[in-house]
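Novice: Please work out how this folds:
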Amino acid sequence: LPRLQEIVEQTRRRGWSLEIEENEAGLACVGVALSRAEGPSVAVSITGPLERMGEQRRTELGQLLREELADLSPAGFTLSGPAQ
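Specialist: Have a look, this model is predicted:
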């Protein structure tokens, strides 16, 4: 539980989530949550081969995903977490 709480807190501060080979060997993913007052929340993610998704690239993509979703999110959805 403490490790999970730490991961959730890091994700909240960063504003995007991170996954490295947790579901599939050789893959990494970044994602951003969109929430809304009514109805379910959603997430948008980018997945790619780990050799092309190093730490710097994951950071770039996480921030870019937030920037784009800030402009492109459907009405009623807001970005979760702090803005970068």
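
Novice: Strands along this structure, start to end?
Specialist: Remark: strands assigned in the chain by DSSP state E are 17-20, 27-35, 42-49, 78-79.

Novice: Quick one: closest of those to residue 65.
Specialist: With distances scored as CB to CB, the stretch of the strands of the chain nearest to residue 65 is strand 27-35 (4.9 Å). All C-beta atoms are positioned from the backbone trio N, CA, C, and that covers glycine.

Novice: among the strands of the chain, which is the most enclosed?
Specialist: strand 27-35 (a mean of 20; mean count of other CB atoms under 10 Å).

Novice: That one: partners in the sheet, and parallel or antiparallel?
Specialist: With DSSP bridges as the test, strand 27-35 is paired with strand 17-20 (antiparallel), strand 42-49 (antiparallel), strand 78-79 (antiparallel).

Novice: sorry, back to before: want to throw the strands of the chain into CSV with distance to residue 71 and mean pLDDT?
Specialist: Converted to CSV, the strands of the chain look like this (distance: least, CB to CB, whole Å; pLDDT from 0 to 100):
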stretch, distance to residue 71, mean pLDDT
strand 17-20, 20, 95
strand 27-35, 13, 95
strand 42-49, 13, 95
strand 78-79, 11, 90
